[in-house]
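Trainee: need a 3D model of the following:
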Amino acid sequence: MERHTPSRRRASHRRPLAAVIALLAGVSAASPRAWAADGAQGSTPTLWRADREDGRESMYLIGSVHLGRREMLHFPAAIENAYTRADELVLEVDVEDMGAEGYGKLAERYARIALPQTLRDRVSADVISRLARYLELRGEPLAPYLSFEPWFLVTQIQAREAGRIGLDPAYGVDRYFAQRADGTKPVVGLESVESQIQVLAWLPRDTQQALLVDTLEHVTDTRDGTEGLVLAWQRGDDAEVERIVYRPMSETPQLAAYYERMLFGRNENMTQRLASLARDGKLRFVVVGAGHMVGERGIPNLLRDYGFRVRRVAYAGSAPGARASEDR
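Mentor: Numbers count the residues shown, from 1 in each chain. From the prediction side, this is the model:
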């Protein structure tokens, strides 16, 4: 949804879909003034520039991690300048268009299993045992988790483990820029919260089970899990981001449907939306999940099919605050 006139954005209230919203769109009510830490190590994620066929700038794009740490939110001058000059900020989804009541309704509609069925009717006994062991090690009972669909448990587990290592949606990159745009710059959402949740909720049951198994096996893996992804993004290592994002698909063929719907299909839809938006000649700053920015079927590569000239912006120095030159 596009909002042509900047307006004061409401503080978000996380309800039953807290983990989903946090992972998909980084909900938080934190103030951006409390985020950017002067002198912090900061981040140098890849910055892309997409030009129109006539050579004029159309958009700058960066990948986002939806959970982060305060010290990450300090960027090179090239990123700051691209954001400042942009007429609009484009995000995957503007979650603040939906109130707390809407979140609760989505939870009941998509995440909760209707009685008399439970999670035992969705996954195998072996998966139930794995989940029970995971929870037992953390001092939690299994019973409350039996009321929810496997895809929702995946988001709960990922958010829990991310929090354990200090990653917080309050410091998500998209949230940072969204709060900066509050009242000063229009914000455009490429998708809706519900459409993102539907992608997960409508996955085949065997795919949801495979996703839950993979999550239980790798969620605490510092190299191939969330921590590894965040660190790779932070240093602009797209090859490593791509490896981590696509590792489950290479190891578990049952997850092919997940990737087709959650990444590839959405990449195509978001690219089409960006190309449509670009027709008005405005300059845009685009922030979408890091996983959507890498690979042959990532958004930067797909934009080329729409006639855009897309290239990385090469930083003149590696430290945040450094200016950039363009990698042609």
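Trainee: mind listing what's buried along stretch 49-63?
Mentor: Buried residues in stretch 49-63, counted by 16 or more other Cβ atoms under 10 Å: 49, 50, 58, 59, 60, 61, 62, 63. (Each C-beta comes from the backbone N, C-alpha and C, glycine too.)
Trainee: export the residues you listed to CSV and append columns for distance to residue 289, pLDDT and secondary structure.
Mentor: As requested, these are exported to CSV (distance: Cβ to Cβ, whole Å; pLDDT from 0 to 100; DSSP: H, G, I helix; E, B strand; the rest coil):
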residue, distance to residue 289, pLDDT, secondary structure
49, 19, 98, strand
50, 17, 98, strand
58, 20, 97, strand
59, 16, 98, strand
60, 16, 98, strand
61, 11, 98, strand
62, 11, 98, strand
63, 7, 97, strand
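Trainee: out of these, flag the one nearest to residue 303.
Mentor: residue 50 (5.3 Å; Cβ to Cβ).
Trainee: doesn't residue 61 make contact with the closest one?
Mentor: Yes. Using Cβ atoms under 8 Å, residue 50 is in contact with residue 61, at 6.7 Å.
Trainee: before we move on, back to that, ok, the buried residues of stretch 49-63 vs residue 161, which is closest?
Mentor: Set against residue 161, the nearest of the buried residues of stretch 49-63 by Cβ to Cβ is residue 63 (20.8 Å).
Trainee: quick one: low-confidence ranges for this structure?
Mentor: Judged by pLDDT under 70, the chain has its weakly predicted residues at 1-41, 95-101, 103, 317-328.
Trainee: what segments of it are strands?
Mentor: With strands called from DSSP state E, the chain shows them at 47-51, 57-64, 88-93, 187-191, 284-289, 309-315, 324-326.
Trainee: distance to residue 70 added to the ones you listed, as CSV?
Mentor: Shown next, in CSV, are the strands of the chain (distance: least, Cβ to Cβ, whole Å):
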stretch, distance to residue 70
strand 47-51, 21
strand 57-64, 16
strand 88-93, 20
strand 187-191, 22
strand 284-289, 18
strand 309-315, 22
strand 324-326, 24
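Trainee: quick one: closest of these to residue 161.
Mentor: strand 284-289 (17.9 Å).
Trainee: still on that earlier bit, tell me, what's touching residue 50 and residue 61 both at once?
Mentor: Common contacts of residue 50 and residue 61 (Cβ atoms under 8 Å, 6 or more residues apart in numbering): residue 300.
Trainee: neighbours of residue 250, how many?
Mentor: Using other Cβ atoms under 10 Å, residue 250 is surrounded by 9 other residues.
Trainee: and it, what does it touch?
Mentor: No contacts exist for residue 250 under Cβ under 8 Å, 6+ apart.
Trainee: before we move on, back to that, ok, which of the strands of the chain comes nearest residue 266?
Mentor: Across the strands of the chain, closest to residue 266 is strand 187-191 (Cβ to Cβ), at 7.2 Å.
Trainee: okay, that closest one in CSV with CA atoms only?
Mentor: Taking Å, rounded to 0.1, in the frame of the first residue of the first chain, the C-alpha atoms of strand 187-191 are listed here in CSV:
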residue,chain,number,x,y,z
VAL,A,187,6.6,5.0,2.5
VAL,A,188,5.5,2.4,-0.1
GLY,A,189,4.8,-1.2,0.8
LEU,A,190,5.4,-3.8,-1.9
GLU,A,191,3.3,-6.4,-0.1
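Trainee: buried ones in that strand?
Mentor: Neighbour-count burial for strand 187-191 flags 187, 188, 189, 190, 191 (criterion: 16+ other Cβ under 10 Å).
Trainee: between the buried residues of stretch 49-63, which is nearest residue 309?
Mentor: Closest to residue 309, out of all of the buried residues of stretch 49-63 and judged by Cβ to Cβ, is residue 50, at 7.1 Å.
Trainee: quick one, helices of the chain?
Mentor: Here the chain has its helices, by DSSP state H, at 18-25, 77-85, 100-106, 125-137, 150-164, 173-180, 193-201, 205-218, 226-234, 238-251, 256-259, 266-277, 299-305.
Trainee: what separates residue 182 from residue 62, distance-wise?
Mentor: Using Cβ to Cβ, to the nearest Å, we find residue 182 at a distance of 19 Å from residue 62.
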